[in-house]
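I would like to see how this sequence folds:
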Amino acid sequence: MRIGSVDGDDGTALDGVFGALRLPDGRIAVGVDGGEIGVTLFSPEGEWLLHMGRRGQGPGELKDLWSLWLRAPDTLIVLDLRPARFHLFHADGSWVRTATLDPVVFERPEFAFPLSAGAGYLAATQPDGFPAPPDPADRTADVARHDESGTAVGTAGSFWVHRIVWLDPEMGLSGPPLFGGWAAMVPVAGDGFVYGPAREPQVESHAADGALRRIIRWEARDRAVRPADVDAYGAELRRRLADRGLESARIEEALRRETGDHRPVAEQFPGHGRMLATPGGRLWVEDYRRPLDEGPSPWFVFESDGTVVCRVNVPEGWIPRSVDADHLVATYRDDLDVEYVVVQPVAPPETGP
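Alright, predicted model coming up:
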């Protein structure tokens, strides 16, 4: 099933989707950060039902949205930024409450998500700053546990985020080395979370207090970065910028910033990409997509105990937003840059992993 349109006469035009998920009764919740900001509910057939939220800074009002979750059985939670706060809505459209993180976090937290009902939230604290150029550094994030009001009540530990280098010191632009890994963290059933450091093909399961439960490792394909990978990345970046209508001078400036001699290139590709978790505890882990890759993007699916379920090939161009026991919800843009949400049934192979 596909939600989206060009003209939006039926309420399905989408602008800046930041999250999409399927409720247990089949309805689809889509969060947008442009146009009519907030979360729109659609029927299982894709028909517009209702919208919750509006732009502003008052109770239940939104301004800089980032993520969307479902807290079982029927509470939708939206992460709003600057400052970081969680808005809770019932699936009937009514606002429940807003929890602003205390201490206040103004910058986008590297990790932030709700735990189950009554257990509060986990979120990275305000970063201390950046290293002085041109020195590279490993950036870590302290993750605090917050109660339902947003007040910090404990800690889950300190976690590596990424290797940071300066891309343009004069403009204050920084980021990871080219093809550098970026860690991921997602909540899982039972008030815990999974942390993926990206530096290796492995993920770690933790309790909400940070205690390590298990490590899941798998054998990855060759991860060596070669000159052809850098060339392919530059060519694709040039094509995308040209498609946006940028002038040649601006394209060359962007290429120098992204692929110039000042920017280190990682020796290996990251061990994984994004992660998602089902309400039942299954974990989806994306195999890092490389510049020379073509066709679908492979994702590995694990049970909560680390057992391999299968590999899922997600169509090229799709961005998975959420998964449940038997559905994948993703977004994609067509050749006209029209944004869509697609709901795709999924099931493990009958023959096993």
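
for the chain, which helix is longest?
Of all segments of type helix in the chain, defined using DSSP state H, the longest is helix 227-243.

and the next element down the chain from that helix?
Toward the C-terminal end, the helix or strand that comes next after helix 227-243 (DSSP states H and E) is helix 248-259.

Next, the buried residues of that next one.
Going by neighbour count (16 or more other Cβ atoms under 10 Å), the buried part of helix 248-259 is 251, 255, 258-259. In this view, the C-beta of every residue, glycine as well, is placed from N, C-alpha and C.

How about stretch 143-158?
Using 16+ other Cβ under 10 Å as the burial criterion, the residues of stretch 143-158 that qualify are 143-146, 148, 150, 152, 156.

before we move on, the earlier item: any idea how far the longest helix of the chain is from the middle of the chain?
Between the centre of helix 227-243 and the centre of its chain there are 23 Å (Cα atoms, centre = their mean, to the nearest Å).

What are the contacting residues of it?
Contacts to helix 227-243, defined as Cβ atoms under 8 Å, 6 or more residues apart in numbering, come from residues 178-179, 250-251, 254-255, 258-259, 265, 269, 290-292.

Pull the most distant pair out of those.
Greatest spacing in the contacts of helix 227-243, by Cβ to Cβ: Arg250 and Phe269 (28.3 Å).

How is this structure divided into domains?
According to automatic domain parsing, the chain comprises the domains 1-100+321-346, 105-225+265-314.

want to try a markdown table for the ones you listed, with mean pLDDT as columns?
What follows is the domains of the chain, written out as a markdown table (pLDDT from 0 to 100):
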| stretch | mean pLDDT |
| --- | --- |
| domain 1-100+321-346 | 93 |
| domain 105-225+265-314 | 91 |
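
burial of Gly190, as a residue count?
Counted with other Cβ atoms under 10 Å, the neighbours of Gly190 add up to 15.

List the residues that contact it.
By Cβ under 8 Å, 6+ apart, the residues touching Gly190 are 116, 281.

Show me which of the contacts of helix 227-243 is closest to Val186.
Relative to Val186, the closest of those is Phe269; by Cβ to Cβ it sits at 20.8 Å.

Can you report phi and psi for that closest one?
Note on Phe269: backbone dihedrals following degrees, to the nearest 10 are phi -70, psi 160.

ok, back up a step: now, the most widely separated pair of the buried residues of stretch 143-158?
The two members of those with the most space between them (Cβ to Cβ) are Val143 and Glu148, at 17.4 Å.

now the end-to-end length of stretch 266-282.
One end of stretch 266-282 sits 30 Å from the other (Cα to Cα, to the nearest Å).

my bad, should have said stretch 193-205
6 Å.

would you turn the contacts of helix 227-243 into CSV with distance to Arg139?
Shown next, in CSV, are these (distance: Cβ to Cβ, whole Å):
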residue, distance to Arg139
Leu178, 17
Phe179, 17
Arg250, 29
Ile251, 29
Ala254, 23
Leu255, 25
Glu258, 19
Thr259, 22
Val265, 18
Phe269, 19
Arg290, 23
Pro291, 24
Leu292, 28
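
returning to what we had before: dump the buried residues of stretch 143-158 to a markdown table, plus distance to Asp324 and secondary structure.
Formatted as a markdown table, the buried residues of stretch 143-158 follow (distance: Cβ to Cβ, whole Å; DSSP: H, G, I helix; E, B strand; the rest coil):
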| residue | distance to Asp324 | secondary structure |
| --- | --- | --- |
| Val143 | 26 | strand |
| Ala144 | 28 | strand |
| Arg145 | 26 | strand |
| His146 | 26 | strand |
| Glu148 | 24 | coil |
| Gly150 | 27 | coil |
| Ala152 | 31 | strand |
| Ala156 | 25 | strand |
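
Rebuild those as JSON lines, extending it with distance to Arg71.
JSON lines is the format used below for those (distance: Cβ to Cβ, whole Å):
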{"residue": "Val143", "distance to Arg71": "19"}
{"residue": "Ala144", "distance to Arg71": "19"}
{"residue": "Arg145", "distance to Arg71": "16"}
{"residue": "His146", "distance to Arg71": "14"}
{"residue": "Glu148", "distance to Arg71": "11"}
{"residue": "Gly150", "distance to Arg71": "15"}
{"residue": "Ala152", "distance to Arg71": "20"}
{"residue": "Ala156", "distance to Arg71": "18"}
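
Pick the one among these closest to Arg85.
Here the nearest of the buried residues of stretch 143-158 to Arg85, counting by Cβ to Cβ, is Gly150; it sits at 6.9 Å.

The closest one reaches Pro103, doesn't it?
No: contact between Gly150 and Pro103 fails when scored by Cβ atoms under 8 Å: they sit 9.8 Å apart.

so what does the helix or strand hosting Trp69 touch, helix or strand wise?
With the criterion set as DSSP H and E, the secondary-structure element containing Trp69 is strand 65-71. Contact partners of strand 65-71 among helices and strands, from 3 or more Cβ pairs under 8 Å, 6 or more residues apart in numbering; DSSP states H and E: strand 17-22, strand 28-32, strand 75-80, strand 112-114.
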